[in-house]
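# A predicted structure for the sequence below; I have some questions about it.
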Number of protein chains: 2
Amino acid sequence: MLLRIDHVGIACENLEEKIAFYRAAFGVTVVSQEVNEEQGVKEAMLHVADGEGGGSYIQLLEPTGPDTPVGKFLAKRGEGLHHVAYGVTDVTKAMAAMGGAGVRLVDEHPRHGAMGTSIAFLHPKDVGGVLTELVESPAPRPEQTKLKNG
Amino acid sequence: MLLRIDHVGIACENLEEKIAFYRAAFGVTVVSQEVNEEQGVKEAMLHVADGEGGGSYIQLLEPTGPDTPVGKFLAKRGEGLHHVAYGVTDVTKAMAAMGGAGVRLVDEHPRHGAMGTSIAFLHPKDVGGVLTELVESPAPRPEQTKLKNG
């Protein structure tokens, strides 16, 4: 059911500073940067690797304000690991399977994630304290296309 | 420099219960289970995916006692995401590069990780609150060999 570790989500106070750090220390590159008003975050996807199932990324998250999920996370726990996301073929089917396994969903329907993905969050209380996200990629991503073509 | 997200490390109270949960909910399989006395953990590696750079895993960690790093983590923060590990080609070279980037190392020399890997932890205070591990795989892992031969 799980295709890959799609990304780890990391909460930070200052997105630009953290992007600069990850680029300098780990040599990773930014492949997407956007504001997700629905989730109250400014986010960047930093490319780690490609695989048959899709890419793997570090997702840096800066809240748009204190009264957002990531803003509250920072106030309570400080900067650090926020969630893990696994790639799935079909997020709607995966959500149904999760419900069947007794895992509550934060979302009733898939919502929009970074880079055109469809995503759903599982309730951390049902996954041993881990905020867990399921990610369905819409189509081959630019770096996959590049790999396939050349 | 980073080959892949090798694994996410998840701290839990009861390893066997959590293994059963992950198998049932996500369909992942246990590929390794061991006690690491040096790190004070009972751990299991659950296979998520293979890629050219190596496999990706969910690592479940149960402390061998309260006075261990993971035991203290559980007492302070409860069950949840503990660390993220990235695959590297050469952990010693990667450690040197980290030092050059001003990131302190928890370990002066590589230590033994799960499944015969050589690992090193970076100081979370220098990586935005994220306990970050570098992992060098010793040789093709069983499931990679299987893939290549089959």
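That came through, no problem.

# List the buried residues for the helix ranked longest in chain A?
The helix that spans the most residues within chain A, counting by DSSP state H, is helix A:15-26. Counting neighbours by 16 or more other Cβ atoms under 10 Å in any protein chain shown, one finds that the buried residues in helix A:15-26 are A:15, A:18-19, A:21-22, A:25-26. The C-beta positions use only the backbone N, C-alpha and C, and glycine is treated the same way.

# ditto for stretch A:72-82
Of all the residues in stretch A:72-82, those buried under the rule 16+ other Cβ under 10 Å are A:73-74, A:79-82.

# Same check on stretch A:106-123?
Residues of stretch A:106-123 classed as buried under the neighbour-count rule (16+ other Cβ under 10 Å) are A:110-111, A:113-115, A:117-122.

# ditto for stretch A:28-44
Residues of stretch A:28-44 classed as buried under the neighbour-count rule (16+ other Cβ under 10 Å) are A:28, A:31-32, A:39-44.

# Filter those residues down to the ones in strands?
With strands identified by DSSP state E, the entries of the buried residues of stretch A:28-44 that belong to them are A:31-32, A:41-44.

# Of all pairs in these, which one spans the longest distance?
Farthest pair in these (Cβ to Cβ) is A:31 and A:41. Separation: 16.7 Å.

# need the helices for chain A, in chain order.
Remark: helices of chain A, listed N- to C-terminal, are A:15-26, A:69-77, A:91-100, A:142-149; assignment by DSSP H.

# Out of those helices, flag the one nearest chain B.
Comparing the helices of chain A against chain B with Cβ to the nearest Cβ, the closest turns out to be helix A:15-26 (4.2 Å).

# residues making contact with the closest one?
The set of residues external to helix A:15-26 that reach it, using Cβ atoms under 8 Å, 6 or more residues apart in numbering or on different chains, is A:10, A:12, A:28-30, A:33, A:42-44, A:46, A:58, A:60-62, B:1-2, B:86, B:98, B:101-103, B:127-128.

# how does it look with 10 Å?
With Cβ atoms under 10 Å, 6 or more residues apart in numbering or on different chains as the test, helix A:15-26 has contacts from A:10-12, A:14, A:28-30, A:33, A:35, A:41-44, A:46, A:48, A:58, A:60-63, A:79, B:1-2, B:86, B:88, B:94, B:97-98, B:100-103, B:122, B:126-128, B:130, B:132, B:134.

# cool, and stretch A:92-103?
For stretch A:92-103, the surrounding residues in contact (Cβ under 10 Å, 6+ apart) are A:1-2, A:86-88, A:90, A:104-105, A:107-110, A:118, A:120, A:122-123, A:125-127, A:132, A:134-136, B:21, B:24-27.

# Swap in 6 Å and give it another go.
Around stretch A:92-103, the neighbours that count as contacts under Cβ atoms under 6 Å, 6 or more residues apart in numbering or on different chains are A:88, A:105, A:120, A:122, A:126, A:134, B:24-25.

# Now that stretch: buried residues?
Using 16+ other Cβ under 10 Å as the burial criterion, the residues of stretch A:92-103 that qualify are A:94-95, A:97-98, A:103.

# Out of those residues, which comes closest to residue B:6?
Sorting the buried residues of stretch A:92-103 by distance to residue B:6 puts residue A:94 at the head of the list, at 23.1 Å, by Cβ to Cβ.

# pLDDT value on that closest one, please?
You'll see residue A:94 listed with a pLDDT of 96.

# And it, how close does it get to residue B:44?
Between residue A:94 and residue B:44 the distance, using Cβ to Cβ, to the nearest Å, works out to 23 Å.

# nearest to chain B, of the buried residues of stretch A:106-123?
Within the buried residues of stretch A:106-123, the smallest distance to chain B is 8.7 Å, found for residue A:122 (Cβ to the nearest Cβ).

# Without its sequence neighbours, what residue ends up closest to residue A:41?
Nearest residue to residue A:41, sequence neighbours excluded (Cβ to Cβ, 6 or more residues apart in numbering or on different chains): residue A:61, at 4.8 Å.

# Does the one you found touch residue A:39 like I think?
No: in terms of Cβ atoms under 6 Å, residue A:61 does not count as a neighbour of residue A:39; the distance is 8.5 Å.

# Tell me which of the helices of chain A sits nearest to residue A:54.
In terms of Cβ to Cβ, the element of these nearest to residue A:54 is helix A:142-149, at 6.9 Å.
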